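Trainee: Could you look at this predicted model? Sequence included:
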Amino acid sequence: MSVLLAPSILSADFGRMAEAVQALDEADCDWIHLDVMDGSFVPPITFGAQMAASLRGLTQKPFDCHLMVDHPETQVRPFVEAGANRITVHVEACKHLHRVLQSIRAEGIAAGVAINPATPVEMVRDALPLVDLVLVMTVNPGWGGQPFLHECLTKVREVRAMAPSAYIEVDGGIDDTTAAAAVASGANVLVAGSFTFRGNPKERLATLRSAACERFES
């Protein structure tokens, strides 16, 4: 199982966002993670599709858009037009989860479903045929820099058992001390924001990849 790195721009300097994306483009990452927050589903407000569109021309890396918003169905088309390669929505925010996921797939891009720490994994079981990714939050969604909730690794293992061929993404508190445990539990996509931008992104991501690969050393 290869491990993909999806650094989040949430922890970048918003006044120098273009430089941050260019730095990730030059670093050893696989996707670029966009944390979209609306001030309703989660307390903070980050950015919308216009930001994604502005950054799209700076990199060919896939945009992994994580919609932490109420009424995510209203944001699917704007983010598709902005250049999203994957859109992940929260089961807790969708009254009609299947319909939202179908609308994403109908746009010709990948769909994902996310669950919060207090949400049972059974909530996403019936949606698995419509997604290629399940995002397990390992912090409560909202602010970057929160400590990793180790109890969420149980959810990662449960989701891996339910969806053996899916991408299992973990988001929150991922660094060089938690990456190996996440991978050992079944995660194969690691989102890291604070850790990535706490220094030189290229060097930090190399450290993270090395830590994640410890899982496979004999």
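Mentor: Everything's here; your move.
Trainee: packing partners for the longest helix along the chain?
Mentor: Ranked by residue count under DSSP state H, the longest helix found in the chain is helix 201-213. In terms of contacts (3 or more Cβ pairs under 8 Å, 6 or more residues apart in numbering; DSSP states H and E), helix 201-213 is packed against strand 4-7, helix 17-26, helix 179-184, strand 189-192. To be clear about C-beta, it is placed using only N, CA and C from the backbone, and glycine gets the same treatment.
Trainee: now residue 151, what's its secondary structure?
Mentor: helix (DSSP: H, G, I helix; E, B strand; the rest coil).
Trainee: coming back round to it: need the winner for burial among the helices and strands packed on helix 201-213.
Mentor: strand 189-192 (a mean of 28; mean count of other Cβ atoms under 10 Å).
Trainee: partners of it, with directions?
Mentor: As defined by DSSP bridges, the strand partners of strand 189-192 come to strand 4-7 (parallel), strand 167-171 (parallel).
Trainee: With just CA atoms, put the first one into PDB.
Mentor: I take that to be strand 4-7. Taking Å, rounded to 0.1, in the frame of the first residue of the first chain, the C-alpha atoms of strand 4-7 are listed here in PDB:
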ATOM      1  CA  LEU A   4       0.000   9.600  -0.400                       C
ATOM      2  CA  LEU A   5       0.700  13.000   1.200                       C
ATOM      3  CA  ALA A   6      -1.900  15.700   0.900                       C
ATOM      4  CA  PRO A   7      -0.600  18.800   2.700                       C
END
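Trainee: Buried residues, stretch 153-172. List them.
Mentor: Neighbour-count burial for stretch 153-172 flags 153, 155-160, 163, 166-172 (criterion: 16 or more other Cβ atoms under 10 Å).
Trainee: Quick check: pLDDT value at residue 186.
Mentor: Residue 186 is assigned 96 on the pLDDT scale.
Trainee: Number of residues surrounding it?
Mentor: Residues lying near residue 186 (other Cβ atoms under 10 Å) number 21.
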